[in-house]
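A.B. asks: Sharing a sequence plus its predicted fold:
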Amino acid sequence: MSSNRLWSLPRKKLLELAALSSGATIVLKVKGILCTLLTICVVICACGRKEETVLASVNGTEFTLDDLYAEIPEDYWDSVTQEQKLQFLERWINGELLYQESLSRGLQREPQIKERVRAAEKNILIAELIQQELDERVQVTDEEAREYYLAHQDDFARKADEVRASQILVPTLDEARRIRQELEAGGDFAQLAHEHSVDPTAEQGGDLGYFSREEVLHDLSKAAFSLSPGAVSQPIKSEFGYHLITVTDMKKKGSVRSLDLVKEEITSQFAAQKELEELTLFLEELKGKSSVKQNLELLGSAHIPGETSSVPGDENP
């Protein structure tokens, strides 16, 4: 499986469950996710003094390069346009204007708002505590992953034919044609992807990993599954630009994915299981050094609004 696959995040689900109970994309795949990534933006260079790194300010509150870098994954720093950078900055300005106006109206002093802020702070602190604690407690070794893989290889058999492909994504048809000419003249696909592709996969030489026909846009799927390994497609137009595709490997339905392709998935599954176990132990430790009381009799007699004591079908006509 490609490192660009968007796997579920067991930790995130775990934190959500804990809060209730304790009261990196490929351009071929998910359109909505791609659009979200394309709204992330970054500026190019930073200067030494703080006043020279201020991107915007609202009534004296400043937004700097460091603030921007803290919000954006490093992998996406070079994959956005100037227009997208300006959109990001405008959203920050709009948000700051609204936030300052809410403070000037005294909304932070309203009882219901204060309670919501308190509840949000409580859940944030709970999530951070769990994350810090589990980071210390949970480790999945390479040996554990390998043993599980060997014992469950049927789980990793492909359910459909797959190809492994790489792409170069550029904004214009002329640029796509020029790059294709370089490839026909012996140019290295990975190097040209690194130099010219505007997709985040450029850092990996355009590698998209393995995918089936159903996992990509139709035109790209059609091209990828019709190419011989090593051949390069004609430019393919999509809403994101122009794609050049090359196939680097093909796998048949029923073949077993190698350990290096599924190791991340196995590790995530192991980690999720261990996290649940360690969270249970951690809560028991906290209970052991705390005073916890419950009034189950009162709970049993508690009346839930809207609840009736009648049983359906027992009403008198």
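C.D. replies: Happy to help now that I have it. Numbering: from 1, shown residues only.
A.B. asks: contacts and neighbour counts: CA atoms only from here.
C.D. replies: OK.
A.B. asks: buried stuff in the longest strand seen in the chain?
C.D. replies: The longest strand of the chain (DSSP state E) is strand 241-251. Across strand 241-251, burial judged by 16 or more other Cα atoms under 10 Å covers 241-248, 251.
A.B. asks: Over to stretch 88-108?
C.D. replies: 88-89, 92-93, 96.
A.B. asks: Quick one: mean pLDDT for it?
C.D. replies: Stretch 88-108 shows a mean pLDDT of 94.
A.B. asks: Which helix or strand lies directly C-terminal to the lowest-mean-pLDDT helix or strand in the chain?
C.D. replies: In the chain, no helix or strand scores lower on mean pLDDT, DSSP states H and E than helix 31-38, which sits at a mean of 35. Once the chain leaves helix 31-38, the next helix or strand it forms, by DSSP states H and E, is strand 54-58.
A.B. asks: Which parts of this protein are helices?
C.D. replies: For the chain, helices defined by DSSP state H occupy the ranges 10-21, 31-38, 65-71, 82-104, 111-137, 142-151, 173-184, 189-196, 218-226, 259-288, 296-301.
A.B. asks: unless I'm mixing things up, residue 108 is touching residue 115, no?
C.D. replies: No: in this structure, residue 108 is not within contact of residue 115 by Cα atoms under 8 Å, at 9.8 Å.
A.B. asks: got a markdown table for the buried residues of stretch 88-108, with distance to residue 185 too?
C.D. replies: Shown next, in a markdown table, are the buried residues of stretch 88-108 (distance: Cα to Cα, whole Å):
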| residue | distance to residue 185 |
| --- | --- |
| 88 | 40 |
| 89 | 42 |
| 92 | 47 |
| 93 | 49 |
| 96 | 53 |
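A.B. asks: Out of these, flag the one nearest to residue 222.
C.D. replies: The closest of those to residue 222 turns out to be residue 88 (Cα to Cα; 35.3 Å).
A.B. asks: Next, the contact list for residue 142, please.
C.D. replies: Going by Cα atoms under 8 Å, 6 or more residues apart in numbering, residue 142 touches no other residue.
A.B. asks: Over to residue 293?
C.D. replies: So residue 293 contacts nothing (Cα under 8 Å, 6+ apart).
A.B. asks: How about the backbone phi and psi for it?
C.D. replies: phi -120, psi 150 (degrees, to the nearest 10).
A.B. asks: per-residue confidence at it?
C.D. replies: So, for residue 293, pLDDT stands at 92.
A.B. asks: Next: the one 5 residues further on.
C.D. replies: At residue 298 the predicted local confidence, pLDDT, stands at 89.
A.B. asks: which stretches of the stretch 201-317 of the chain have low pLDDT?
C.D. replies: For the stretch 201-317 of the chain, applying pLDDT under 70 flags the ranges 306-317.
A.B. asks: what about 90?
C.D. replies: Within the stretch 201-317 of the chain, the ranges that satisfy pLDDT under 90 run 213-224, 239, 257-258, 260-261, 264-265, 268-270, 296-317.
A.B. asks: domain assignment for the chain?
C.D. replies: 39-105, 159-251 (automatic domain parsing).
A.B. asks: out of the ones you listed, deepest packed?
C.D. replies: For those, the largest average neighbour count (mean count of other Cα atoms under 10 Å) is found in domain 159-251, namely a mean of 18.
A.B. asks: coming back round to it: of the domains of the chain, which approaches residue 139 most closely?
C.D. replies: Closest of those to residue 139 is domain 39-105, at 24.2 Å (criterion: Cα to Cα).
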